[in-house]
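> structure for this input, please:
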Amino acid sequence: MSSPDAPPASDDGAQPRPIAEQRRGAWKIVISVVVVAVALGGLLWASTREGAEYYKYVDEVLADAARYQGKRLRVHGDVVEDSLQSDKASLRYRFKLASRAPRSPATIAAEFHGIPPDTFKAGAEVIAAGVLAPDGRLLADKIETKCPSKYEAK
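Sure thing, here's the model as predicted:
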């Protein structure tokens, strides 16, 4: 006859594990799942901190410029006609980005140092990535241009 605290025997005659041992096994599983979840969460948090940057349109940046000063931004706009100034010897480019309709009209000054894409020109639709300076200029370290319509199917 078995003790009253022991679980009943299974149909195949094998003795089941004691309840204390079953609980230890369950706790090991719970602790393992928590450790893995915390590790994955920490890895995700650490990997997104440095690479995180806001993607905004010109009018959104100017609407709350103080909020974005000193932060990484990707600003989408069109290069204003006659605003592009370049010094090819030092690879410095100054230009203005403007929002396009139906967005609110807005313009922001930008500077870029480096080699721009071949399609970077006045009137081009661009995304300039960089930091918003205290004086409101976008100091870009990367420029991407949208492919011109000549590459689209007719």
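> and the lengthiest helix in the chain, how far out from the chain's middle?
For the chain, the helix reaching the highest residue count under DSSP state H is reported as helix 19-51. Chain-centre distance of helix 19-51: 25 Å, with Cα atoms, centre = their mean, to the nearest Å.
> name the residues of that helix that are buried.
By neighbour count with 16 or more other Cβ atoms under 10 Å, helix 19-51 contains no buried residues. Placement of C-beta: from N, CA and C, glycine included.
> what's the first helix or strand after that helix?
Downstream of helix 19-51, the next assigned helix or strand under DSSP states H and E is strand 54-57.
> partner strands of that following strand, parallel or antiparallel?
Within its sheet, and counting by DSSP bridges, strand 54-57 is paired with strand 72-79 (parallel).
> compute the inter-axis angle for the strand it pairs with and helix 19-51.
40 degrees (axes from the mean of the first three to the mean of the last three Cα atoms, to 10 degrees).
> what's the spacing between strand 72-79 and its chain's center?
For strand 72-79, the distance to the chain centre is 14 Å (Cα atoms, centre = their mean).
> output that strand as CSV, nothing but the C-alphas.
The C-alpha trace of strand 72-79 is given here as CSV (Å, rounded to 0.1, in the frame of the first residue of the first chain):
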residue,chain,number,x,y,z
ARG,A,72,19.9,61.4,-35.6
LEU,A,73,17.4,62.2,-38.3
ARG,A,74,16.5,61.0,-41.8
VAL,A,75,14.9,64.0,-43.5
HIS,A,76,12.8,63.5,-46.6
GLY,A,77,12.4,66.4,-49.0
ASP,A,78,13.3,67.9,-52.4
VAL,A,79,16.4,69.9,-53.1
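> mean confidence for it?
What strand 72-79 shows for mean pLDDT is 91.
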